[in-house]
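> give the three-dimensional model of this entry:
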Amino acid sequence: MFINTNIASINSQRNLSNTNLLINKSLEKLSSGKRINSAADDASGLAIVEKMMTQLSGLDSAIQNTQDTSALYKIADGALSQVGSMLGRMEELAVRAGNSTLTADDRAIMQMEMTQLQEQIGSISSNTEYNSIKLLNGNLDIQRNVSQTSGTSGSIRVLAAPGTVQSAANMNFSITTVGSAAVTTGAAASLGGAAAVNQNNTININGADVNVSATDTVDTVISKINSQNSRTGVVAIRDRATNNVSLVTGKLDTDARNVVGAGSAAANGSAIGFLTAGTAATISIGGSSQVWSALGFTGALANYSASGTNAAGTLSGVAMTGQGNTLTMQNAGSKAYGLQVGVDIFNGAQGGYILNSVSAASAINHQSAVGNSADMLFNNSRALNVQTGANYGQNSTFALASFDATGIGGGASAAISSLSGVDISTAAGASSALKVIQKAVSDVSSSRASIGSIMNRLDYTDKTLQVQRENMLSAKSKIMDTDFAAQMTELTKQQLLMNSGIAMLAQANSSSQSVLGLLK
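Residues are numbered from 1 along each chain as shown. Presented below is the predicted three-dimensional model:
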């Protein structure tokens, strides 16, 4: 037996000290609500939780970003809805001004209102903003510059530069194939001058019927074919020198006269319409073989079926995908991914043009040719960049085009370049104005549809981010938070051990007194 060293007491003290430490840890976890209060509690768990905390902070900001951007687009959409309403009124004015019951003074008054509407559209474009950011004046669009290096100036044009287009300089665009229309030509027509077809019958082109009377001449039949142009997409012409009749895919349009009138070297006839190029441009004929024979189509009718070809081109050596006269960059590796370029353009209107009273070869004219090229530059630094995630690279880029009167309605008319050029002070002007106004309506509607799809995307992004945040908080809780039920059980256990330890320490301390019995 020993007095100086009481091993039982020391053992009791050690166990009591450990119990006290465990009680303190339980109290700390219960009072803080956290399972990990220092790195010593769970080093790896703390490292994981710290990364989660930064992710959660980023997700909170990303959610706010998507909600702010959605609010921005709501403002843009609201402004464009008003532009759409004004375009509706402009169409009413153009339709009314085209009526011959009005005088020049009447149309002049209507043009005054038209001018005010054009200016108000410009005002909306200039003044619509979110947080002092101008939305519809082109500031958020992909900035582009096209410098045509060969060919007819203006015949190569950027039609669309979506948010997928990145900043790039010195990109050379080159035409490798000009899109062609479908063309089919008969032998010399058997009838000339005022000779009648002598057939009461029906022919059809691309599924549209044309009724022919026995007294119709070849020119009358051609006129009837052309009267169905909106249904067939086909223009009929007759070479006065050879008497050959040809069919060409295209659209009859009085604006086409502006092509020849603007310095074209074409010596024969005047332009009567624009070509429709591409593999979708087809010709199939049927019906009375006798009528077709009188027009010079003496062979089997199926042999006169024809289709056009798409334009082709490259951008910085990368092939673009052609559809008609529109070329699209579909190579995702290109900085110009999604870019659309139009060729064969005159004053914003696409397509070569068709002359009348000449051979098919002479009738078909293009604004573009193989080898025509242009240098292009793009800058997306002003496009709307939305950080939609907590990590680097988790962002989306969106572009908003300009919507002033000079930026919409283009491409509808070879006579009027945009909505700003609409003038209904004459009946002819009112007729041309309708095409441009309706194209402007289409421009605004398609842009609103695009804005709506972006808003839906942002809404889904917002919901996804909130689900991610919820699940990450749940994961963090499992690592970081105190399980109160388990911890209370542990505290009760340690408190019992504490009471037991104190009692045993008292027993160990008193056990040394038994040594005194040996000294009696």
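> so residue 483 sits against residue 35, correct?
Yes: contact status for residue 483 versus residue 35: in contact at 7.2 Å, counting by CB atoms under 8 Å. In short, each C-beta sits where N, CA and C put it, glycine included.
> poorly predicted segments of the stretch 401-520 of the chain, please.
Counting by pLDDT under 70, the stretch 401-520 of the chain shows low-confidence ranges at 519-520.
> which residue ranges of it form helices?
427-480, 484-511 (DSSP state H, counting those that start in this stretch).
> now for the nearest residue to residue 459 once chain neighbours are set aside: which residues touch it?
Excluding the flanking residues, the one nearest residue 459 by CB to CB, 6 or more residues apart in numbering is residue 70, at 6.6 Å. By CB atoms under 8 Å, 6 or more residues apart in numbering, the contact list for residue 70 reads 455, 458, 459, 462.
> can you report how many residues neighbour the second one?
I take that to be residue 458. When neighbours are counted by other CB atoms under 10 Å, residue 458 registers 23.
> hmm, it is touching residue 74, no?
No: Residue 458 lies out of contact with residue 74 (CB under 8 Å); the separation is 10.2 Å.
> now the closest residue to residue 469 other than its chain neighbours: which helix or strand?
Of all residues not flanking residue 469 in the chain, residue 59 sits nearest, at 4.6 Å (CB to CB, 6+ apart). Residue 59 belongs to helix 43-97 when assigned by DSSP states H and E.
> list the contacts of the residue nearest to residue 469.
By CB under 8 Å, 6+ apart, the residues touching residue 59 are 389, 390, 465, 468, 469, 472.
> returning to what we had before: any chance of the contacts of residue 70 in TSV, plus distance to residue 160?
Conversion of those to TSV gives the following (distance: CB to CB, whole Å):
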residue	distance to residue 160
455	20
458	21
459	24
462	27
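> which among these end up buried?
Buried by 16 or more other CB atoms under 10 Å: 455, 458, 462, out of the contacts of residue 70.
> that older thread, who's more crowded, residue 483 and residue 35?
With neighbours defined as other CB under 10 Å, residue 483 and residue 35 compare such that residue 35 has more, 19 against 12.
> low-confidence ranges in this protein?
Along the chain, the parts satisfying pLDDT under 70 run over 1-3, 193-194, 261-269, 519-520.
> now residue 434. Nearest residue, chain neighbours left out?
Residue 434's closest residue in space is residue 94 (CB to CB, 6+ apart), at 4.8 Å.
> can you get me a residue count around the one you found?
By other CB under 10 Å, 23 other residues sit near residue 94.
> the helices in the stretch 151-300 of the chain, which residues?
All helices of the stretch 151-300 of the chain, identified by DSSP H, counting those that start in this stretch, fall at 218-227, 229-232, 257-261, 289-294.
> nearest to residue 207, of those helices?
Nearest of the helices of the stretch 151-300 of the chain to residue 207, taken as CB to CB: helix 229-232 at 7.9 Å.
> quick one: buried residues of that closest one?
By 16+ other CB under 10 Å, the buried positions in helix 229-232 come out as 229, 232.
> which residues touch it?
For helix 229-232, the external contacting residues (CB under 8 Å, 6+ apart) are 205, 206, 207, 208, 225, 235, 251, 252, 273.
> how about a cut-off of 6 Å?
With CB atoms under 6 Å, 6 or more residues apart in numbering as the test, helix 229-232 has contacts from 205, 206, 208, 252.
> filter these down to the buried ones.
Buried by 16+ other CB under 10 Å: 205, 206, 252, out of the contacts of helix 229-232.
> does the first one touch residue 234 like I think?
Yes: look at residue 205 against residue 234 with CB atoms under 6 Å: they come within range, at 5.3 Å.
> hey, what's in contact with both of these two?
If you check residue 205 and residue 234 against CB under 6 Å, 6+ apart, no residue is contacted by both.
> contact partners for the nearest residue to residue 422 once chain neighbours are set aside?
What sits nearest to residue 422 in space, not counting adjacent residues and going by CB to CB, 6+ apart, is residue 433, at 4.3 Å. Applying CB under 6 Å, 6+ apart to residue 433 gives the contacts 94, 422, 424.
> how about those in TSV, adding distance to residue 372?
As requested, these are exported to TSV (distance: CB to CB, whole Å):
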residue	distance to residue 372
94	35
422	30
424	36
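> that older thread, of the helices of the stretch 401-520 of the chain, give the one that comes closest to residue 18.
Distance to residue 18, taken as CB to CB, is lowest for helix 484-511 among these, at 8.9 Å.
> show me what the closest one is packed against.
Helices and strands touching helix 484-511, by 3 or more CB pairs under 6 Å, 6 or more residues apart in numbering; DSSP states H and E, are helix 7-32.
> buried ones in the helix it packs on?
Residues of helix 7-32 classed as buried: 9, 12, 13, 15, 16, 19, 22, 23, 25, 26, 29 (neighbour count, 16+ other CB under 10 Å).
> tell me the domain ranges of the protein?
Following the assignment in automatic domain parsing, the chain carries domains at 34-140+389-481, 142-381.
> can I get the ones you listed in a markdown table with distance to residue 490?
Below are these laid out as a markdown table (distance: least, CB to CB, whole Å):
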| stretch | distance to residue 490 |
| --- | --- |
| domain 34-140+389-481 | 11 |
| domain 142-381 | 56 |
